[in-house]
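Undergrad: prediction below, plus the sequence it came from.
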Amino acid sequence: MTKVLTDARSIRIKGRSFLAVVLSPDLPLDQWLERLDDLAARSAGFFLDRPVVLDVSELSIKKAELKQLIDDLAARKVRIMGIEGARPSQLTPEMPPAMKGGKPASDVEVTAQEPETEAEAEVAAVVSPAPQRQEAPQVRAIPQSLTIDEPVRSGQSIIFPEGDITIVGSVASGAEVIAGGSIHIYGTLRGRAMAGSIGNSNARIFCRRLEAELIAIDGIYKMAEDMDSSLRGHAVQLSLEGETIMADILF
Amino acid sequence: MGKVIVVTSGKGGVGKTTSTAALGAALAQRNEKVAVVDFDVGLRNLDLVMGAERRVVYDLVNVINGDAKLPQALIRDKRLDTLFLLPASQTRDKDALTEEGVERVIGELKKYFDWVICDSPAGIEKGATLAMRHADVAVVVTNPEVSSVRDSDRIIGMLDSKTLKAENGERMEKHLLLTRYDSLRAERGDMLKVDDVLEILSIPLLGIIPESTDVLKASNLGAPVTLSDARSAPAQAYFEAARRLAGEIVPVTVPGEKRGIFGKLFGRKAA
């Protein structure tokens, strides 16, 4: 039994992750800027068209100093897309938005036209001083599924953009599960489940009993009151067909 | 070393303080040394329910700040020699509690008592997290209604993540105490049934306390219900819960299910 659940003209809200370079300035700032100028002189245009995030978590500076730093960087044609690790007191509405939850990635390799290999390595080190520097791109050894053996409690959120989530237990009202792939719940889904969060329209949601507050696949979502009431309390599979969430009662 | 129990719920007004006092008195009647600790700094109530409000000299905050020694602040119950109260301060707020201070006081209490029962404040903020932080066992007090159940679920999540036990990778022992249960209203669908609550929270059941006027009466008299009216239905339920806490295996009965002879007769007729 298949039911059409979604209005064809719903709004898509998607999550997507991008690789940005992270600048972590250190004090005193004028000396750091000098080093940056030096670096820019050696590999011109490195920061052009690159998303740059400013990490100020190690930096204890005031609002005015942060503003000055952003202006100094702008004068060097480095545009900041976001600020990481800032206290709310340091930020003003005019500044780039605060960002959090960044995941470390491999160091950024500079593709300079000139064969200045030594300078390249230095650039990479300054741009992203990650503890383990690797020459080759890091092979991502991330498991493609996450299994949780206990109920997901109200207020908890399980986020796994890398793949599928399996939950052996229920998802409580007020809890949320967000997966890049599919979501399997061997229990009652009372909270929110969002599958295919990084743009995977083949993702599905399975649950032993549907009592969900909200379900979403690839950005198409459905609130509890928009769901067909005959689905409630049943074992259900949800999948996406075009722009429409389809629901099948499983057994 | 004694066991540290936190009585917690998330939601207010579900019966944490009443249950702390009743379980404390029930355990003390087994001749075990019990300290009940009021963590609700700023809104202290446990001293009233224990009938010790006029004997409070020093409190938890004084002990944490080092203004008083622990034996000076502990109040011995007038009816039970083995029952002690560590009251909360009424004039301070929860910021007066420090993590190191709480750790020291709980550590000291554990040395002298078999049971240390911490009455947690409502909410999920500092007072509640400090009350649960050093516990070995949690008693989650829940009323059979949706908001209480959801708040309890939230608290269970915190017990599994924010406590020392959880941070050391151990499992916190958690028990559900269902209070203010009215079997008639549950049957009518006005309240959640026991099975519904257990299905949502999925933690073991410590006991079901029936809704009863005896509880309010005992509170107003300033006596735990297990002391003032030991033969009443809620007191019996608390005694059973205390035995389960102590490790005895006592089957749980749902109040109202063992009807008297008339109930049975009428029940059959109605069916």
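TA: That came in fine, so what should we check first?
Undergrad: next up, the contacts around the one residue in the stretch 1-150 of chain A that gets nearest to chain B.
TA: Nearest residue of the stretch 1-150 of chain A to chain B: residue A:150, at 7.6 Å (CB to the nearest CB). For every residue, glycine as well, the C-beta is placed using N, CA and C. Residues in contact with residue A:150 (CB atoms under 8 Å, 6 or more residues apart in numbering or on different chains) are A:168, A:169, B:160.
Undergrad: alongside chain A, which residues does chain B contribute?
TA: Taking CB under 8 Å from any CB of the partner chain, the part of chain B that reaches chain A is made up of B:124, B:146, B:150-151, B:153-154, B:156-158, B:160, B:199-200, B:202.
Undergrad: okay, domains of chain A per the record?
TA: A:21-84, A:144-249 (the TED database).
Undergrad: which one of the residues in the stretch 51-200 of chain B is closest to chain A?
TA: residue B:157 (3.1 Å).
Undergrad: count the residues that sit near that residue.
TA: 22 (other CB atoms under 10 Å in any protein chain shown).
Undergrad: my read: it touches residue A:154, true?
TA: Yes: proximity of residue B:157 to residue A:154 meets the contact threshold set by CB atoms under 8 Å, at 6.6 Å.
Undergrad: shared neighbours of those two, which are they?
TA: Common contacts of residue B:157 and residue A:154 (CB under 8 Å, 6+ apart): residue A:175.
Undergrad: the helix or strand containing residue B:178 pairs with which strands, parallel or anti?
TA: Residue B:178 belongs to strand B:173-181 when elements are defined using DSSP states H and E. Paired with strand B:173-181 in the same sheet, following DSSP bridges, are strand B:137-142 (parallel), strand B:205-210 (parallel).
Undergrad: so for it, mean pLDDT?
TA: Averaged over strand B:173-181, pLDDT sits at 96.
Undergrad: just how off-centre is it within its chain?
TA: 9 Å (CA atoms, centre = their mean, to the nearest Å).
Undergrad: same thing with stretch B:10-30?
TA: Mean-position distance between stretch B:10-30 and its chain equals 4 Å (CA atoms, centre = their mean).
Undergrad: re the thing from before, weakest of the domains of chain A by average pLDDT?
TA: Mean pLDDT is lowest for domain A:21-84 among the domains of chain A, at a mean of 80.
Undergrad: end to end, how far does it reach?
TA: Terminal residues of domain A:21-84 lie 12 Å apart, using CA to CA, to the nearest Å.
Undergrad: now it, how far from the chain's geometric center?
TA: 23 Å.
Undergrad: quick one on the thing from earlier: which one of the contacts of residue A:150 is nearest to residue B:100?
TA: Nearest to residue B:100 among the contacts of residue A:150: residue B:160, at 23.5 Å, using CB to CB.
Undergrad: same for the host helix or strand of residue B:200, what does it pack against?
TA: Using DSSP H and E, residue B:200 maps to helix B:194-201. In this structure, helix B:194-201 packs against strand B:137-142, helix B:146-159, strand B:173-181, strand B:205-210, with contacts taken as 3 or more CB pairs under 8 Å, 6 or more residues apart in numbering or on different chains; DSSP states H and E.
Undergrad: again, only this time at 7 Å
TA: For helix B:194-201, the packing partners by 3 or more CB pairs under 7 Å, 6 or more residues apart in numbering or on different chains; DSSP states H and E come out as helix B:146-159, strand B:173-181.
Undergrad: report the angle between the axes of it and helix B:146-159?
TA: Interaxial angle of helix B:194-201 relative to helix B:146-159 (axes from the mean of the first three to the mean of the last three CA atoms, to 10 degrees): 40 degrees.
Undergrad: what residues sit buried inside helix B:194-201?
TA: Residues of helix B:194-201 classed as buried: B:194, B:197, B:200, B:201 (neighbour count, 16 or more other CB atoms under 10 Å in any protein chain shown).
Undergrad: same question for stretch A:22-34.
TA: Per 16+ other CB under 10 Å, stretch A:22-34 contains these buried residues: A:22, A:23, A:24, A:25, A:29, A:32, A:33.
Undergrad: burial measure for the spatially closest residue to the second one that is not a sequence neighbour, as a count.
TA: What sits nearest to residue A:23 in space, not counting adjacent residues and going by CB to CB, 6 or more residues apart in numbering or on different chains, is residue A:54, at 5.4 Å. Using other CB under 10 Å, residue A:54 has 24 other residues around it.
Undergrad: assign a three-state SS to residue B:169, would you?
TA: Following DSSP: H, G, I helix; E, B strand; the rest coil, the label given to residue B:169 is coil.
Undergrad: ok, now which ones touch it?
TA: For residue B:169, no contacting residues are found, by CB atoms under 7 Å, 6 or more residues apart in numbering or on different chains.
Undergrad: now do the same for it: its pLDDT.
TA: 90.
Undergrad: quick check: residue B:241 vs residue B:120, distance?
TA: 17 Å (CB to CB, to the nearest Å).
Undergrad: again with residue A:184
TA: 35 Å.
Undergrad: and those two? Which one has more around it.
TA: Using other CB under 10 Å as the criterion, residue A:184 and residue B:120 rank with residue B:120 on top: 28 against 22.
Undergrad: so that one makes contact with residue B:10?
TA: No: using CB atoms under 7 Å, residue B:120 is not in contact with residue B:10; the gap is 9.1 Å.
Undergrad: buried residues, stretch A:145-157. List them.
TA: Burial within stretch A:145-157, assessed by neighbour count using 16+ other CB under 10 Å, is assigned to A:146, A:148, A:151, A:152, A:153, A:154, A:155, A:156.
Undergrad: work out for me the element the first one sits within.
TA: When you say that, I think you mean residue A:146. Per DSSP H and E: residue A:146 is located in strand A:145-148.
Undergrad: helices and strands around that strand, which ones?
TA: strand A:164-167.
Undergrad: rewinding a little: so what's the residue nearest to the residue of the stretch 51-200 of chain B closest to chain A when sequence neighbours are not counted up against?
TA: Among residues not flanking residue B:157 along the chain, residue A:153 sits closest, at 3.1 Å (CB to CB, 6+ apart). Contact analysis of residue A:153 by CB under 7 Å, 6+ apart lists A:172, A:175, B:153, B:154, B:156, B:157.
Undergrad: distance to residue B:103 and neighbour count added to the contacts of residue A:150, as CSV?
TA: Formatted as CSV, the contacts of residue A:150 follow (distance: CB to CB, whole Å; neighbours: other CB atoms under 10 Å in any protein chain shown):
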residue, distance to residue B:103, neighbour count
A:168, 35, 13
A:169, 32, 16
B:160, 20, 18
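Undergrad: ok, now how distant is the residue of the stretch 51-200 of chain B closest to chain A from residue A:169?
TA: 12 Å.
Undergrad: ditto for residue B:96
TA: Per CB to CB, residue B:96 is found 38 Å from residue A:169.
Undergrad: again with residue A:11
TA: Separation of residue A:11 from residue A:169 (CB to CB) stands at 32 Å.
Undergrad: got phi/psi on the nearest residue to residue B:62 once chain neighbours are set aside?
TA: Using CB to CB, 6+ apart and skipping the chain neighbours, the partner closest in space to residue B:62 is residue B:68 (4.2 Å). Residue B:68 adopts backbone torsions of phi -140, psi 150, taken as degrees, to the nearest 10.
Undergrad: quick check: residues of the stretch 101-250 of chain A near chain B?
TA: Contact residues (CB under 7 Å from any CB of the partner chain) of the stretch 101-250 of chain A with chain B: A:151, A:153, A:154, A:155, A:156, A:169, A:172, A:173, A:174.
Undergrad: closest to chain B among those?
TA: Nearest member of these to chain B, counting by CB to the nearest CB, is residue A:153, at 3.1 Å.
Undergrad: quick one: residue A:54 is in a helix?
TA: No: with three-state DSSP as the criterion, residue A:54 is located in strand rather than a helix.
Undergrad: coming back round to it: quick one: the residue nearest to residue A:23 and residue A:80 touch, right?
TA: Yes: counting by CB under 7 Å, residue A:80 is a contact partner of residue A:54 at 4.9 Å.
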